Structure formats: structure tokens, C-alpha cells
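In: only geometry, no sequence info:
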């Protein structure tokens with residue numbers, strides 16, 4: 001069984017849910033406290049042992065590639081002013097040679113199409129998909145948990161899930177399970193936004209996947225689904241007829257930073273977790289709640 005070494009990060013989305021902020025800034029670079037959303041996702045990938053990050057970009061996303069590059073003038077100024085700790089923090093985030101690749105998605109044809117665009121860089125090995133506007137706060141990280149589940153099941157495809165808010169299952173993509181015992185269970189299907197009362201479980205598909213390279217064959221026909229887009233879930237449903245899929249209910253908290261309130265929640269939560277900011281953040285937030 002091949003080890004999961006690569007991750008695909010689809011960053012071509014327009015970020016319409018957080019307009020007007022994303023008119024000039026990629027949604028993935030919106031800040032949570034003092035770091036872009038994408039910085040948290042990349043850190044999670046590295047902690048899970050990912051060696052090669054494949055970004056699927058689009059128009060007006062050049063700032064993402066620039067973020068993971070040297071800022072020569074800034075680095076020189078920090079060095080000259082003796083701000084060593086700050087400089088080391090910036091340098092630590094830079095990629096190792098060959099760690100990052102950037103592929104262009106020429107048209108917004110859906111998540112499935114974005115993943116398919118990375119096929120030549122992934123090759124014939126299992127890989128992760130990480131939705132880049134989801135901060136999934138967990139120890140160990142959500143992707144590390146998914147990779148462990150992939151190994152535990154002997155190389156099955158893994159879909160990370162979590163419980164949806166009570167009474168809101170009809171708003172999500174819900175997984176059907178072959179029984180439910182613990183956090184890791186075999187999937188039998190997926191239902192997109194099931195009518196109220198018909199949902200097969202209360203678990204919705206979240207922002208992390210570990211997939212085998214055979215998913216590219218399932219995506220190759222470019223069949224369009226919901227919204228006229230090439231959906232990853234449709235390809236997974238086709239592949240599920242011949243390969244095992246397991247749903248992993250990960251232990252952690254998800255912040256959907258592609259949503260205005262979700263981005264606000266992430267900022268508050270991450271600030272309160274920071275030893276250097278928690279006290280000041282709490283003092284600033286508490287009066288606003290009263």
C-alpha cells in the first residue's frame with residue numbers, strides 16, 4: 001500500500017460568499033488573526049506528512065503563489081532591524097524545493113474538474129484533497145486522522161465527515177453507512193441535500209478526503225452534475241460501486257472560512273487559543289457580548 005505523500009488544494013474558487021472582500025484578495029488569503037486561512041491548511045498538510053502540495057489555481061490567484069515565495073525587501077528590512085524572530089517565522093513557511101506545484105483550472109467547472117486537473121502531478125498513488133477555506137482544528141490534524149484511517153482500512157478511500165446541526169441535514173451532502181459503530185464506518189452511498197426526514201445519517205461530508213488514483217478515471221468523462229458542474233461526489237459515487245469507501249467522523253472543530261460568520265468564528269477561536277493573544281482577545285470580546 002502506497003503512502004499518502006501528495007495533497008490537492010483547489011484554490012480557484014471565486015469566494016462569492018465573502019464578497020466584497022474577495023474582489024481583490026483570494027478568499028484563501030483572508031486572514032484569521034494574523035495568518036491567511038491557507039496557512040493553517042498547509043500547516044495541517046505538513047503535519048500529516050504531506051511532501052508535495054498541488055494547488056489548482058485560476059485567474060486572479062497569483063497572490064497565492066507569491067505568498068509562498070521570498071519577499072526579498074521585507075526580509076532584508078527585518079534582518080537589518082534585528083527582528084530575527086519575525087524573520088524566522090516568515091522563512092519557516094517557505095516551501096522546500098519541489099514541495100509545491102501550481103496547476104491552472106481554466107474555467108470554474110467544479111470541484112471534480114479541479115481535482116482532475118491535478119492528475120498528471122498525482123500520478124498513480126493515493127492522495128489527499130483539502131478544501132482550502134476550511135480550518136479544521138484538531139490534534140492530531142483532520143488530515144492526519146484521515147491518513148491513519150486510510151492505512152487502517154488497507155487503502156480504502158476515506159471521506160471525512162462530521163455531525164450536522166440538528167434539523168439541518170437537508171442542507172448538506174449526507175453519507176449513508178453500512179451500520180454505525182465508532183468513528184470509522186463503511187459507506188454505502190451519498191445523498192446531496194436529502195428531503196427532511198429521509199436523511200440516511202446525520203453526518204455530512206466535510207473538507208478532507210483521501211482518495212485512490214482511480215478517482216481520475218471516474219472523473220475523466222467530465223459528466224456534469226448539480227449546478228452544471230463536474231462534481232467530485234458524483235465521481236466518488238460511481239467509484240463506490242467497485243472500491244470501498246469509509247466515512248471518518250473526525251475529532252475536532254471545523255470553521256468554514258468561506259462564510260462570513262464562519263470566518264468570524266475562526267478569528268475568535270484562533271485568537272483565544274493563542275497564548276500570546278488569549279487574554280487580550282478575551283478582554284476585547286467580552287464587553288461586546290454584554
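Out: Good, I have the coordinates. The model shown is predicted, which means the values in this text are computed figures rather than measured ones.

In: other SSEs contacting the longest helix seen in the chain?
Out: Among the elements of the chain assigned as helix by DSSP state H, the one spanning the most residues is helix 260-273. The criterion is 3 or more Cβ pairs under 8 Å, 6 or more residues apart in numbering; DSSP states H and E, and the helices and strands that helix 260-273 contacts are strand 31-32, helix 37-47, strand 134-137, strand 253-256, helix 278-289. Glycine gets a C-beta too; all of them are placed from N, C-alpha and C.

In: where's residue 276 relative to residue 40, distance?
Out: 17 Å (Cβ to Cβ, to the nearest Å).

In: which one of those two is surrounded by more residues?
Out: Under the criterion of other Cβ atoms under 10 Å, the comparison of residue 276 against residue 40 puts residue 40 first, with 22 against 8.

In: can you tell me the closest non-neighbouring residue to the more buried one?
Out: Among residues not flanking residue 40 along the chain, residue 135 sits closest, at 4.8 Å (Cβ to Cβ, 6 or more residues apart in numbering).

In: what sits against the one you found?
Out: With contact set as Cβ atoms under 8 Å, 6 or more residues apart in numbering, residue 135 has these partners: 32, 37, 40-41, 254-255, 257, 266, 270.

In: who wins for neighbours among those?
Out: Neighbour counts for these (other Cβ under 10 Å) peak at residue 257, which has 30 neighbours.

In: who's in contact with it?
Out: 27, 30, 32, 37, 133-135, 263, 266.

In: same thing but at 6 Å, please
Out: 37, 133, 135, 263, 266 (Cβ atoms under 6 Å, 6 or more residues apart in numbering).

In: just give me the neighbour total for residue 176.
Out: 15.

In: for the helix or strand hosting it, packing partners?
Out: Residue 176 belongs to strand 173-177 when assigned by DSSP states H and E. Counting contacts by 3 or more Cβ pairs under 6 Å, 6 or more residues apart in numbering; DSSP states H and E, strand 173-177 is packed against strand 184-192, strand 203-211.

In: export the ones you listed to CSV and append columns for mean neighbour count and distance to residue 170.
Out: Listed next are the helices and strands packed on strand 173-177 as CSV, based on neighbours: other Cβ atoms under 10 Å; distance: least, Cβ to Cβ, whole Å:
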stretch, mean neighbour count, distance to residue 170
strand 184-192, 18, 10
strand 203-211, 25, 10
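
In: just give me the lowest mean pLDDT stretch among those strands.
Out: Looking at these, the lowest mean pLDDT belongs to strand 184-192 (a mean of 90).

In: hmm, back to that, closest to residue 142 out of the contacts of residue 257?
Out: residue 135 (9.6 Å; Cβ to Cβ).

In: please report how far that closest one lies from residue 163.
Out: 18 Å.

In: circling back: chain center to the longest helix of the chain, what's the gap?
Out: 17 Å (Cα atoms, centre = their mean, to the nearest Å).

In: likewise stretch 166-174?
Out: Counting by Cα atoms, centre = their mean, stretch 166-174 is centred 20 Å from the centre of its parent chain.

In: mind listing the helices for the stretch 101-250 of the chain?
Out: 111-116, 119-122, 142-152, 215-219, 232-239 (DSSP state H, counting those that start in this stretch).

In: please list the residues outside the shortest one that contact it.
Out: Just to be clear, that refers to helix 119-122. Here helix 119-122 makes contact (Cβ under 6 Å, 6+ apart) with 6, 54, 101, 216.

In: quick one: which two of the residues you listed are the most distant?
Out: 101 and 216 (16.2 Å).

In: neighbour count winner among the two?
Out: residue 216 (20 against 16).

In: residue contacts, that one?
Out: Residue 216 neighbours (Cβ under 6 Å, 6+ apart): residue 119.

In: so how far is residue 90 from it?
Out: 36 Å.

In: same thing with residue 106?
Out: Taken as Cβ to Cβ, the span from residue 106 to residue 90 is 32 Å.
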